[in-house]
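**Student:** Give me coordinates for this.
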Amino acid sequence: MSFQKELDDIIFEPNIIILSVFGYLNKVSEPEFQEKVIMQLLQQLERIPDKILLPSEGTSSIYLQEWAEALHITTQVFHSDWKRNGKIAQIIRDDRMQKECTHALVFLTDKTEKLRKNADKMVKKEKKVFTYHTQLQLLNEPVVHASQASKPVRKSNKETGQTLLKFQKKEVH
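**Tutor:** Okay, the predicted model is just below:
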């Protein structure tokens, strides 16, 4: 009976990989990108993705789209509607991509705190997230940033009229 249960689990459990790409990597040649990103990603995934969701910006999106099309992998390019949505256009686009993906590749730079926070959110939602800064890494659990570890809270003392600054530990779930 347990063999039948295992067989049912195997038959009905889809193992689809929908990879979303966040951020971009521009200062790299195509052969270097294939070696440092695509080949390492394939080793981690152990097979090619079924679908790749790409942002419309960045040289890395072009490289990934060309590679995917050569292997007949379905790609979908997401554009940010800057005219209609203004400053939140990228957030809206990234939210749509996050909802559809099972796996994510996030290109980080020193100035991409939003992308790092989004990567942490996806890990919390049990999506497999790979980050690339100087090398590809699997993000297993959300990163607790120094800015999130403690948050200043202002409390005023009614008796003395002084404002006290205390630090309150912020819980990360």
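
**Student:** Buried residues of stretch 16-34, list them for me.
**Tutor:** 17-25, 33-34 (16 or more other CB atoms under 10 Å). Where C-beta positions appear, they are placed from N, C-alpha and C, glycine not excepted.

**Student:** out of those, which are inside strands?
**Tutor:** Taking DSSP state E, the ones among the buried residues of stretch 16-34 that sit in strands are 18-22.

**Student:** SS state for the most centrally placed residue in the chain?
**Tutor:** The residue lying closest to the centre of the chain (CA atoms, centre = their mean) is residue 119, at 3.9 Å. When classified by DSSP: H, G, I helix; E, B strand; the rest coil, residue 119 comes out as helix.

**Student:** buried ones in stretch 62-81?
**Tutor:** Buried residues in stretch 62-81 (16+ other CB under 10 Å): 62-65, 67-68, 73, 75, 78, 80.

**Student:** Check what contacts that stretch and list those residues.
**Tutor:** With contacts defined as CB atoms under 8 Å, 6 or more residues apart in numbering, stretch 62-81 is touched by 21, 30, 33-34, 38, 48-57, 61, 89-90, 92-93, 96-97.

**Student:** Please apply the same query to stretch 116-131.
**Tutor:** 22, 41, 44, 94, 98, 101-108, 136-143, 145, 173.

**Student:** Make a PyMOL selection of whichever of those residues turn out to be buried.
**Tutor:** To isolate the buried members of the contacts of stretch 116-131 in PyMOL, using 16+ other CB under 10 Å:
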select buried, resi 22+41+94+98+101+102+103+104+105+106+107+108+136+139+142
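
**Student:** Output the buried residues of stretch 16-34 in CSV, with distance to residue 130 and pLDDT appended to each entry.
**Tutor:** As requested, those are arranged in CSV below (distance: CB to CB, whole Å; pLDDT from 0 to 100):
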residue, distance to residue 130, pLDDT
17, 12, 95
18, 14, 96
19, 9, 97
20, 11, 97
21, 10, 96
22, 10, 95
23, 12, 92
24, 15, 90
25, 13, 88
33, 14, 94
34, 15, 93
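
**Student:** For residue 85, state which of these is nearest.
**Tutor:** Lowest distance from residue 85 to the buried residues of stretch 16-34 (CB to CB) belongs to residue 22, with 17.2 Å.
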